[in-house]
Structure formats: structure tokens, C-alpha cells
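**Student:** Okay, here's the prediction I keep looking at, along with the sequence it came from:
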Amino acid sequence: MTTSDKISEYFDHKASSFDAIYSGQKGAHSQLWDRLTRQNIYRRLEFTMQALYPLTDKKILDVGCGSGRYCIEVAKAGAKEIVGIDISPKMLEIAKNLAVNYDVSSRCQFLQSDVLDMRDTFDDVIAMGFFDYVQETEEVFSHLRTLILGKMVASFPRMGAPRVPFRKCWLAIQGCPVYFYTKSEISLLCQKTGFVCNAIIKSGPIYLLIAEPDLKFARKI
């Protein structure tokens, strides 16, 4: 089984419980646990909406879209076309159903795809909770630069956060790899792959990045 298969299997298994973080369709104890430990998930959605404002008439790519919650929100905010890609079939199934429920399915497309296979261009790209599971980060960054006309907003698990040992051990037991980053590593990734780093913000156990393609990068190489 490949690493990609392991990640897909993990998120297929977790699809319903993961989406319930947003829907609140959990027991009282689980909801309390989410409020205590999952605030970064809510904050990064708010951060994304603010960073990409205004979204009216934009074409958006959501990399590692999961159950499609970001796609739904940007569609509600006026984006004209949203493509969500993920490697988990069950996550994508939830995303498609949610798009229908929120009456935005005509503007949302969900694909089981690797980001390196994408060839279209987009106004902005969302990569929240995605780089946690990417080993070849520089290759993915380089490819994303070719797809983006405007901004990329992304999150990265913060090296040194208190929960790192627990999360690393837990996901290892599940057979799912996870990667952690320092602020300087994220900044260097941007420099090496042709991004201007507009902001790297520490938010609890994660870093939040706003970056855009460096239009002068081609002349540097």
C-alpha cells in the first residue's frame, strides 16, 4: 500500500467524524472536546475567508478539500467556480451532498485527484490541513505556483507545539504520516519555489500562510 493509499484509507475512515466538527452532529462530550481542542480548525476557516475577500466571481481551487466545507463557504460568498480535490472518496461524497444541500452544486466540482495532476489556473488556492500529509512539499509548492493567479492560503502544523508528540504517535498507529514545520522552513519554501510570502501567522498549533506568485521569479533562475 502506498503512502497516498494509507492517507486515503485513514480519511475514508474518519470522514463522517471529521465533518461533524463543522456540523456539530456529535454527542455533548464530543462537542465540548472539539471546542477545547479544535479551535484552530474554526480559526483557519475564518482566516481563509478574510484573506481571500472579496470572493465574488473568483475561480477557487481547494486542495485537500475534505468534506467540502471551505468550498461551500466560498460559494456562498460569491465565488463563481470552485474545484475541490481530495484523495478520499468518502470525503468527496460528503462534499458533493453538502453542495446539493446548500444549493451551490452548480458552482462546485469535486475531483479525486492529486494536485500534481492539475493543469488549470485559478484566482486563488486554498490548502488548509493539506500540507500536514505532504512529504514532497517543495515539489507541490512549485506546481501550485503555476496554477495561481492571485493568492494561496495554507496551514502547516507547527513544529514544537505541545500536541506534536501525541499527534505524531497517534497517526503513526493509524498508518498515516504527518509532517511538522518551522516558520523559517515555510519562508524558505516560498523563496525557493517562487512565492512572495505576505504573512506567516502563528495560530495555536499551526502556522497560517498568505503567499502569492513572485512575478520576477522566472528572471531569477
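**Tutor:** Looks like it came in fine.
**Student:** Could I get the buried residue list for stretch 175-184?
**Tutor:** 176-178, 180-181, 183 (16 or more other CB atoms under 10 Å). C-betas here are computed from N, CA, C, even on glycine.
**Student:** Looking at it now, give me its mean pLDDT.
**Tutor:** Average pLDDT, stretch 175-184: 96.
**Student:** end to end, how far does that stretch reach?
**Tutor:** One end of stretch 175-184 to the other measures 28 Å (CA to CA, to the nearest Å).
**Student:** Nearest residue to the middle of this protein?
**Tutor:** Most central in the chain under CA atoms, centre = their mean is residue 128, positioned 2.3 Å from the mean C-alpha point.
**Student:** what's the distance between that residue and residue 163?
**Tutor:** In this structure, residue 128 and residue 163 are 18 Å apart, going by CB to CB, to the nearest Å.
**Student:** By mean pLDDT, point me to the weakest helix or strand of this structure.
**Tutor:** In the chain, no helix or strand scores lower on mean pLDDT, DSSP states H and E than helix 28-37, which sits at a mean of 45.
**Student:** which element follows that helix toward the C-terminus?
**Tutor:** Sequence order places helix 39-51 as the next helix or strand after helix 28-37, per DSSP states H and E.
**Student:** Which positions in that next one come out as buried?
**Tutor:** Using 16+ other CB under 10 Å as the test for burial, helix 39-51 gives 40-41, 43-45, 47-49, 51.
**Student:** what are the bridge partners for the residue nearest to residue 122 when sequence neighbours are not counted, then?
**Tutor:** The shortest distance from residue 122 to any non-neighbouring residue, by CB to CB, 6 or more residues apart in numbering, is to residue 61 (4.2 Å). Under DSSP bridges, the beta-bridge partners of residue 61 are residue 83, residue 125.
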